[in-house]
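> return a 3D structure for these sequence lines:
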Amino acid sequence: MLTEAKTILSEFEKRHILVVGDLMLDEYIWGRVDRISPEAPVIVVDVESSESRPGGAANVANNLRALGAKVSIAGVVGEDDSGRALMSLMDNRTIDTSAVIVDGSRPTTKKTRIIAHSQQVVRVDHESKDHLPKEISSKLADLVTAKTAEVDAVLLSDYDKGVMAKGFVSRCVRAAGDRGLILIANPKPPNLRSFEGATVVMLNQSEARSATNERLSTLADVAAVGARLASNLGVSAVVVTCGAQGLVVCPAKGPATPLPAVPIEVYDVAGAGDTVISVLTLALACRADLLYAAGLANCAGGAVVQKVGVATVTTEEILEILKRAQKMDKERPHTGSRIGADRGRSSNH
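The predicted model follows:
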């Protein structure tokens, strides 16, 4: 099983993934707190350092690059300092930005996180959630369609910031389908219906609850709702991430399979979903079967939450979590395998 995982992970660098979605700039300001402001009952953060990183769909692209894949990205940035900074960060990571449109009518989405003593104190968002103008959306869809001729898979990363309008998503799904490409999507609940016809849809438990108005108190609840969503959306499967409980693979046909998380010390869950969907997409692009791909993605999620801030993981870190999971499975053979199926390859998706 470990040998098969190594083989699949080693093939990541041979794959080219197109990421489409809401681009953001993540800004981090680190400091210390030792006093209260005399102006208001709030803490004063003395800044010690700051850093900017790709965020949103750009963080998904960054995760894919960290795993060795070739990446193209399609989306929109504003004609502002944040947009220029984000484009520079992506260029420095050799992410192909030729399908990114600069739109002077909207700001680049920026999330500023202020962190003191390893704790996030406050987050400040600069953004517009308005849908893209029709001419921009149409141009972006044309760029996506052209890029599908160059890639092995398409990943739609929706943060509900205006890019993923129904007509645009439908064109992306159709373009991928015309090329016989797998298309993995991470939609926000208000936009879920737009993603009908994708290969796999990934939601977290909160998003699945919001999309269905179900309580989802147990993994059995998650499995039932996930399977129903998969059938209604016309997708092969819905994967629902459940935090410390791992994730549940819910095919449209057949039984759902929960994959438990590896118990680890969690430092920060921000951006973990981006890591999980990146590995899921790459593994499927390497022709791993869905359950095996989800198991690798589950291990990747365990690796990334050990880091502070929106972060990435390497294939080596995924293997370390997998080794730990296999050791635990041997010690407790009654538990479900965290890597999923014993057979890693699939002849079709």
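> which other helices and strands does the host helix or strand of residue 320 contact?
Per DSSP states H and E: residue 320 is located in helix 315-331. Contact partners of helix 315-331 among helices and strands, from 3 or more C-beta pairs under 8 Å, 6 or more residues apart in numbering; DSSP states H and E: helix 2-10, helix 290-304. Bear in mind the C-beta positions are built from the backbone N, C-alpha and C, glycine included.
> so where's the chain uncertain?
1, 264-271, 306-310, 328-349 (pLDDT under 70).
> ok, the spatially most central residue of it - contacts?
For the chain, the residue sitting closest to the mean C-alpha position, by C-alpha atoms, centre = their mean, is residue 274 at 2.3 Å. Going by C-beta atoms under 8 Å, 6 or more residues apart in numbering, residue 274 touches 59, 60, 63, 157, 310.
> could you work out the most separated pair of those?
Using C-beta to C-beta, the two most remote members of those are 157 and 310, lying 13.0 Å apart.
> neighbour count winner among these two?
Remark: of residue 157 and residue 310, residue 157 carries more neighbours, 27 against 24, as counted by other C-beta atoms under 10 Å.
> burial check on the closest residue to the more buried one other than its chain neighbours, number of neighbours?
In space, residue 157 comes closest to residue 21 once its chain neighbours are excluded; the distance is 3.4 Å by C-beta to C-beta, 6 or more residues apart in numbering. By the measure other C-beta under 10 Å, the count of residues near residue 21 is 26.
> now residue 21: how far from residue 292?
As judged by C-beta to C-beta, to the nearest Å, residue 21 and residue 292 stand 25 Å apart.
> related to what we said a few turns ago, what's the most buried one of the helices and strands packed on helix 315-331?
Most buried of the helices and strands packed on helix 315-331, by mean neighbour count (mean count of other C-beta atoms under 10 Å): helix 290-304, with a mean of 28.
> packing partners for that helix?
When contacts are defined as 3+ C-beta pairs under 8 Å, 6+ apart, helix 290-304 sits against helix 2-10, strand 237-241, strand 247-251, strand 257-259, helix 272-285, helix 315-331.
> rerun that using 10 Å as the cut-off
Secondary-structure packing of helix 290-304 (3 or more C-beta pairs under 10 Å, 6 or more residues apart in numbering; DSSP states H and E): helix 2-10, strand 200-204, strand 237-241, strand 247-251, strand 257-259, helix 272-285, helix 315-331.
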